[in-house]
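A.B. asks: got a predicted model here, sequence first, then my questions.
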Amino acid sequence: MKLDGVATFVAVAEAGSISEAARRLSLSKSVVSERLAELERSLGASLLHRTTRKLSLTEDGAAFLERAARITRDVEAAMADLAERRGELVGPLRISAPVTFGRLHLGPAIYPFLAQYPRIELTLELDDRRIEAAAEGFDAVVRHGVIADNRLVAWPLATSHRILVASPGYLDRHGTPKTLTELEHHRGIFYTNRGSGDWRFATEQGTVSVRGEASLRVNNGDMIRDAATAGLGIALMPTFIVGEAVRAGKLREIRIDVAALPEVIYMAHPEGRQVSVKLRALADCLRKAFGDPPYWERF
């Protein structure tokens with residue numbers, strides 16, 4: 001039995017398809033299929049049901065997967081441990097992060113890290129949807145907001161604040177709200193991945209959600225910022241997205257009588273999984289690059 005066949009089987013089971021596993025492993029589909037076939041021959045058992053539409057585990061495959069995944073992780077950890085004993089950080093690292101934060105801040109912070117440790121093979125996938133880290137094969141996810149998955153262990157990377165902003169033209173036409181009541185009568189631009197209660201504020205009575213009239217609902221931070229700059233309404237956005245636009249005068253911060261709930265940018269890894277030294281090193285690198293307070297809040 002070859003270890004690369006076991007690792008390929010685990011990747012296929014976690015990805016749910018041969019094509020997706022091939023993409024994650026940077027292999028051709030034919031190589032992945034050949035490794036699976038060789039593994040099944042060596043075990044004398046069929047591990048996968050294959051149809052034209054979907055792929056699923058057989059009873060033997062489900063029984064083999066748990067230990068196969070553990071074996072793969074243990075071997076990777078052992079190889080990384082030996083390298084780390086020699087002062088090296090090596091091997092694959094797979095991270096998920098939000099699109100806008102990844103483009104604006106995560107990428108520039110990671111590039112020097114990869115230059116310092118050229119033997120790390122980083123796969124960074126930018127996606128704003130909620131990610132099942134363990135099920136989708138990620139070592140960790142970088143996210144902004146509140147941790148929704150209690151199966152994750154989170155490390156704070158930087159503080160984060162959301163502020164109300166609008167274009168000077170919009171405020172000249174419609175006025176600047178000073179209270180939550182006045183805010184409710186304005187047009188809003190909402191981030192759909194947070195649901196209808198996106199605008200949440202901390203008051204003496206507890207958390208209050210404001211639902212203004214929506215001029216636009218969208219699941220991308222860049223578009224929300226651009227829509228606010230275009231004068232379509234008010235947006236409640238993290239400073240890491242709108243800080244530059246506020247500094248440039250394209251957007252104005254709106255100060256009302258309460259503040260938005262504080263949030264955090266964090267890295268989270270699946271609970272119960274041994275954490276590699278390279279993942280800890282990446283987290284430390286990001287903390288230093290972002291600063292305390294983070295550089296995007298200095299305006």
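C.D. replies: That came through, no problem. Residues are numbered from 1 along each chain as shown.
A.B. asks: my guess is R200 contacts G206. True?
C.D. replies: No. Between R200 and G206 there is no contact under CB atoms under 8 Å: 10.4 Å. Glycine gets a C-beta too; all of them are placed from N, C-alpha and C.
A.B. asks: so for the two, which residue has more residues nearby?
C.D. replies: Set side by side, R200 and G206 show more neighbours around R200, with 16 against 7, by other CB atoms under 10 Å.
A.B. asks: any idea which residue is closest to the centre of this structure?
C.D. replies: Residue closest to the mean C-alpha point of the chain, counted by CA atoms, centre = their mean, is A97 at 2.6 Å.
A.B. asks: next SSE downstream of the longest helix seen in the chain?
C.D. replies: Longest helix in the chain, counting residues (DSSP state H): helix 59-85. Under the assignment DSSP states H and E, the closest C-terminal helix or strand after helix 59-85 is strand 91-97.
A.B. asks: could you point out the helix or strand that follows that next one?
C.D. replies: Once the chain leaves strand 91-97, the next helix or strand it forms, by DSSP H and E, is helix 99-101.
A.B. asks: against which helices or strands is that next one packed?
C.D. replies: Under the contact definition 3 or more CB pairs under 8 Å, 6 or more residues apart in numbering; DSSP states H and E, helix 99-101 sits against helix 221-229, helix 239-247.
A.B. asks: need the outlier residue of this protein, farthest from its centre.
C.D. replies: What lies farthest from the middle of the chain is G44; by CA atoms, centre = their mean that is 39.6 Å.
A.B. asks: how about low-confidence regions in the stretch 51-200 of the chain?
C.D. replies: Flagging of the stretch 51-200 of the chain using pLDDT under 70 yields the residue ranges 52, 80, 83-85, 87, 147-150, 194-198.
A.B. asks: quick one, helices of it?
C.D. replies: Applying DSSP state H, counting those that start in this stretch to the stretch 51-200 of the chain gives helices spanning 59-85, 99-101, 107-116, 168-174, 180-183.
A.B. asks: give the contact list for the residue nearest to L180 when sequence neighbours are not counted.
C.D. replies: Nearest non-adjacent residue to L180, counting by CB to CB, 6 or more residues apart in numbering: V210, 5.8 Å away. With contact taken as CB atoms under 8 Å, 6 or more residues apart in numbering, V210 is in contact with 180, 183-184, 199-201.
A.B. asks: what about 7 Å?
C.D. replies: V210 makes contact with 180, 183-184, 199, 201 under the criterion CB atoms under 7 Å, 6 or more residues apart in numbering.
A.B. asks: hmm, which two among those are most spread apart?
C.D. replies: Spatial extent of these (CB to CB) is set by the pair E184 and F201 at 11.5 Å.
A.B. asks: looking at those two, which one has more neighbours?
C.D. replies: Between E184 and F201, counting by other CB under 10 Å, F201 is the more crowded of the two (20 against 14).
A.B. asks: helix or strand: which one has that one?
C.D. replies: Here F201 is assigned to strand 199-203, by DSSP H and E.
A.B. asks: tell me the contacts of the residue farthest from the centre of the chain?
C.D. replies: Applying CB under 7 Å, 6+ apart, no residues contact G44.
A.B. asks: what do you get if the cut-off is 10 Å, keeping everything else the same?
C.D. replies: Applying CB atoms under 10 Å, 6 or more residues apart in numbering to G44 gives the contacts D60.
A.B. asks: what distance do you get for it to M1?
C.D. replies: To M1, G44 is 11 Å away according to CB to CB, to the nearest Å.
A.B. asks: got the contacts of V210 as CSV, with distance to A7 columns?
C.D. replies: Formatted as CSV, the contacts of V210 follow (distance: CB to CB, whole Å):
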residue, distance to A7
L180, 54
L183, 53
E184, 54
W199, 46
F201, 48
